[in-house]
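S.K.: the following block contains a protein sequence and its predicted model.
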There are 2 protein chains.
Amino acid sequence: MLKFNLYYDYENKNLEEFAFDALVKEKESKNIGYYHLPENSVKLIEELNKIDIEFEKIAVIGIGGSSLGTKAIYRLLKSNYENIKEIVFLENTDPIELKNQFSKIDKNSTLFLVISKSGTTIETISIFKAVIECFELDFTKDKIMVITDPHSPLEKFANKYRIQTFNIPENVGGRFSVFSAVGIVPLYLAGFDVKKILKGADEFFKSFFNKNEWHLIKKAAFLYERSRCYKMNVLFSYSSLLDEFNKWYVQLWGESLGKINKKGGRVGLTPIGLLGSIDQHSFLQLLIEGPRDKTVTFIKVKNFENSLKIPNISLPFLEKTDFVNGYTFNELINAQCDATRESVIRSGIDVDEIVLEKLNEENVGMLLVYYELLTSAVGALFEINTYNQPGVELGKRILKTKFNS
Amino acid sequence: MLKFNLYYDYENKNLEEFAFDALVKEKESKNIGYYHLPENSVKLIEELNKIDIEFEKIAVIGIGGSSLGTKAIYRLLKSNYENIKEIVFLENTDPIELKNQFSKIDKNSTLFLVISKSGTTIETISIFKAVIECFELDFTKDKIMVITDPHSPLEKFANKYRIQTFNIPENVGGRFSVFSAVGIVPLYLAGFDVKKILKGADEFFKSFFNKNEWHLIKKAAFLYERSRCYKMNVLFSYSSLLDEFNKWYVQLWGESLGKINKKGGRVGLTPIGLLGSIDQHSFLQLLIEGPRDKTVTFIKVKNFENSLKIPNISLPFLEKTDFVNGYTFNELINAQCDATRESVIRSGIDVDEIVLEKLNEENVGMLLVYYELLTSAVGALFEINTYNQPGVELGKRILKTKFNS
């Protein structure tokens, strides 16, 4: 169960139907595939059921949309399981970080998953080559799988060596691909109950298209209507386990909505991910007293499993802190979230709140779909192409000129 | 060695002398103490030299300014050493994260450092109490140290049990305290060569006040002059090892500059930390095509130690990626930084660049001081109190009302 509370209102109610209708059209068209992933991935699970190889660790070689969603779910749900296989994410081209990560990998007990939608992502293929050399991989014997677009160069390479391949539907963009093979394969193989994740995702899609999640449409309309004054959207997540989710949100929001529109105008909303309570000691001052250019969404988890307690200890001279004695850290962090939210509202900032009943598979699936749909709805109101990223091509072209070959 | 390149100019040159003079005044006054930390901390090292206890791990219990600077340096320099003692940071009130961290601590081999400037930070003292109960700490026998303001309640508590205490100078704010006992004690005890870090810091202070770092003043003047249109400052750091440094920067910049000024106006600049090359796949699209409301600073490390190479392997169908073959990841990540910087400049964004010759103690010390001084200079131009944080008090007061005691 997720609960959504909006602490604001807005003017133009016509925006609501416009946004909802646009998403219905996208869903029914064949161009945007992410709306159908939860149902389609059920077949994928049957295929995964048949896999019979032994390994203790998974190395995901992938960057951006090929790793962020998996990382988000892995981090959120890992603590719920006793025997999840560790996933190592090889993504950045940082030489020191790569070497540190390589030192933790034993090739005999590791499954290597090479993930790239285009099949030629320079970070991914370069790291794959370094892995091949460092661990003396034998394509025909060692445990390697590939996840990529149909007919991509990477698929052709995999076919040549009979490396098992899973496809990403061509009409699903990287940052909307977490419920495709991109997320489902590594999470299933690591031991997560992906059926439940997909069930939550599917339920939220259905509920939304049955008009039972109208709060989402209202929020999109509000964010669009105020986008000229509220240029930034802060996601203040009250759990350390939401840190990777924040990064997934930053990609989804930033890359989808930062666009040049049909009239040549620059639109976009800047995503900012914060963690509570830590960032109360970092960013809160700017929120409260700085310029009024942000909205804030608070996320909290109502019930954590087996929370630690703050013991009933009164330390001499520190009695001032005893007011939380006997409460759980679960209660403390949520009280901090509520207190901060109230202080932010009182200082005149527009705020909404998402409450997860607990951190389980269904709720995590729902939360991710909620953000995908919200992104699509705001994109529809901006009248932009939410699903491309033409702005990153120039840098790729310049990169090639840096090497003499 | 650090190199600074500014790719922009600005109008009002009078701002330069104004900002520089303000910092000279702050340094000479007794109100702002951080300017003198590198020289003053030399005595601290003599004191630390005398400590004779054995431990294998350090648990830092502290949040915000009490942990961010230490984390930044720990992450940046750890890989340079063979035998650094691990530091575990107990900071967030997240119940699951805390339990995970507790499971990695063995009290017999751990030194507990409780760090709080005020001495009554609710997160820090609550976690300390949980540590006391969970590990059955005996204040007179177990390895505990305290770092706090003189005469704080935490110091009084420590004195009662003869727990070794180090003080933070009262005129040094939390987010400017990394070169005080807050950062120096844990880093020294973990095995870092803090003398070299302080040497780099001291050199940069001297160089700045000798007017040899005028680029810093120019940058501050530019950011101030354009603050109404460029509301966000992106730090695009090209190394995974800079991730914690980015968080330190976010606190320093956000909490220092987000203020209500003397005339009642809301001022501030919003800090955003990104990591290259990862965030080319996340945030770059928004930078290039989205609204023109950001400046970007690129940080790169010229020479990493012993960089991995991209091997000369040509994979069938993937020959398109061979243009980086034979180069090091060091060369690739820096070429990515340069290519991205050029693409961002070409799209009309104002950019500057910081190049660290390598990741060593002196350069890290310099980089942190550079950002402290830059923050002070922009704060001086805004004519605000850069060093307080009145906006966070309301939330603290509301928090108390959430508990019936």
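M.R.: Great, that's in hand.
S.K.: strands along chain A, start to end?
M.R.: A:2-6, A:57-61, A:86-90, A:110-116, A:144-148, A:164-167, A:232-238, A:259-260, A:266-267, A:270-275, A:294-303, A:351-358 (DSSP state E).
S.K.: okay, those strands in TSV with mean pLDDT next?
M.R.: Output for the strands of chain A, formatted as TSV (pLDDT from 0 to 100):
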stretch	mean pLDDT
strand A:2-6	97
strand A:57-61	98
strand A:86-90	98
strand A:110-116	98
strand A:144-148	98
strand A:164-167	98
strand A:232-238	98
strand A:259-260	97
strand A:266-267	96
strand A:270-275	98
strand A:294-303	98
strand A:351-358	98
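S.K.: out of those, the one nearest A:E17 is which?
M.R.: For the strands of chain A, proximity to A:E17 was assessed by CB to CB; strand A:2-6 is nearest, at 17.9 Å. Every residue, glycine included, has its C-beta placed from N, CA and C.
S.K.: how close does the residue positioned nearest the centre of chain A get to A:L368?
M.R.: Nearest residue to the geometric centre of chain A (CA atoms, centre = their mean): A:W248, 3.0 Å. Distance of A:W248 to A:L368, given as CB to CB, to the nearest Å: 8 Å.
S.K.: name the residues contacting each of these two.
M.R.: Common contact partners of A:W248 and A:L368 (CB atoms under 8 Å, 6 or more residues apart in numbering or on different chains): A:G69, A:A72, A:V178.
S.K.: which one of those residues is nearest B:L252?
M.R.: Among the shared contacts of A:W248 and A:L368, and counting by CB to CB, the member closest to B:L252 is A:A72, at 27.5 Å.
S.K.: I'd guessed that closest one sits against A:Q251; true?
M.R.: No. Counting by CB atoms under 8 Å, A:A72 stays clear of A:Q251, with 10.1 Å between them.
S.K.: show me the contacts for A:W214.
M.R.: A:E16.
S.K.: one more: the one 3 residues further on?
M.R.: Going by CB under 8 Å, 6+ apart, A:I217 touches A:E16, A:A19, A:F20, A:A377.
S.K.: count of neighbours near the nearest residue to A:D142 once chain neighbours are set aside?
M.R.: In space, and not counting its chain neighbours, A:D142 is closest to A:K107: 6.4 Å by CB to CB, 6 or more residues apart in numbering or on different chains. Neighbour count for A:K107, taken as other CB atoms under 10 Å in any protein chain shown: 16.
S.K.: about what we covered before: are any of the contacts of A:I217 buried, and which?
M.R.: With neighbours counted by 16 or more other CB atoms under 10 Å in any protein chain shown, these contain buried members at A:E16, A:A19, A:F20, A:A377.
S.K.: if I look at A:L111, how far off is A:I87?
M.R.: Separation of A:L111 from A:I87 (CB to CB): 10 Å.
S.K.: mutual contacts of those two, please.
M.R.: A:K57, A:I58, A:A59.
S.K.: in JSON lines: the residues you listed, plus neighbour count and distance to A:K400.
M.R.: Shown next, in JSON lines, are those (neighbours: other CB atoms under 10 Å in any protein chain shown; distance: CB to CB, whole Å):
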{"residue": "A:K57", "neighbour count": "17", "distance to A:K400": "34"}
{"residue": "A:I58", "neighbour count": "24", "distance to A:K400": "31"}
{"residue": "A:A59", "neighbour count": "26", "distance to A:K400": "27"}
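S.K.: quick check, nearest of those residues to A:I184?
M.R.: Nearest to A:I184 among those is A:I58, at 13.0 Å by CB to CB.
S.K.: A:E28: neighbour count?
M.R.: When counting by other CB under 10 Å, one arrives at 9 neighbours for A:E28.
S.K.: where do the helices sit along chain A?
M.R.: With DSSP state H, the ranges of helices along chain A come out as A:14-28, A:37-49, A:68-77, A:95-102, A:122-134, A:153-160, A:181-190, A:194-209, A:214-225, A:243-257, A:284-289, A:329-346, A:361-382, A:393-401.
S.K.: surely A:L48 touches A:A181?
M.R.: No. Under the criterion of CB under 8 Å, A:L48 makes no contact with A:A181, lying 9.1 Å away.
S.K.: settle it for me: which of those two has more neighbours?
M.R.: A:A181 (26 against 17).
S.K.: now the more buried one, nearest residue through space, not along the chain?
M.R.: A:F166 (3.7 Å).
S.K.: need the contact list for the one you found.
M.R.: Here A:F166 is in contact with A:L44, A:E47, A:M145, A:V146, A:I147, A:A181, A:V185 (criterion: CB under 8 Å, 6+ apart).
S.K.: ok, the second one - contacts?
M.R.: Residues near A:E47 by CB under 8 Å, 6+ apart: A:F166.
S.K.: from A:I398, how far off is it?
M.R.: For A:E47, the distance to A:I398 - CB to CB - is 40 Å.
S.K.: now for the closest residue to A:D352 other than its chain neighbours, how many residues are close by?
M.R.: Distance criterion CB to CB, 6+ apart; nearest residue to A:D352, sequence neighbours excluded, is A:L6 at 4.7 Å. A:L6 is flanked by 16 other residues according to other CB under 10 Å.
S.K.: do you know the pLDDT at the residue sitting furthest away from the middle of chain A?
M.R.: Here chain A reaches farthest from its C-alpha mean at A:P316, the gap being 44.8 Å by CA atoms, centre = their mean. If you check A:P316, the pLDDT there is 98.
S.K.: isn't it up against B:I163?
M.R.: No. Contact criterion CB under 8 Å: A:P316 and B:I163 do not qualify, at 11.8 Å.
S.K.: list residues touching both of the two?
M.R.: Common neighbours of A:P316 and B:I163 (CB under 8 Å, 6+ apart) are B:F157.
S.K.: just to revisit the earlier point, any chance of the contacts of A:F166 in JSON lines, plus distance to B:K300?
M.R.: Formatted as JSON lines, the contacts of A:F166 follow (distance: CB to CB, whole Å):
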{"residue": "A:L44", "distance to B:K300": "40"}
{"residue": "A:E47", "distance to B:K300": "43"}
{"residue": "A:M145", "distance to B:K300": "34"}
{"residue": "A:V146", "distance to B:K300": "32"}
{"residue": "A:I147", "distance to B:K300": "31"}
{"residue": "A:A181", "distance to B:K300": "35"}
{"residue": "A:V185", "distance to B:K300": "34"}
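S.K.: residues contacting the residue nearest to A:R75 when sequence neighbours are not counted?
M.R.: Spatial nearest neighbour of A:R75, excluding adjacent residues (CB to CB, 6+ apart): A:E244 at 4.2 Å. Counting by CB under 8 Å, 6+ apart, A:E244 makes contact with A:L68, A:K71, A:A72, A:Y74, A:R75, A:L76.
S.K.: A:D350 touches A:Y7, doesn't it?
M.R.: Yes. With contact defined as CB under 8 Å, A:D350 counts as touching A:Y7 (7.0 Å).
S.K.: look at those two and report which has more neighbours.
M.R.: Set side by side, A:D350 and A:Y7 show more neighbours around A:D350, with 21 against 15, by other CB under 10 Å.
S.K.: OK, contacts around that one?
M.R.: A:Y7, A:Y8, A:F222, A:R226, A:Y230, A:T295, A:V296.
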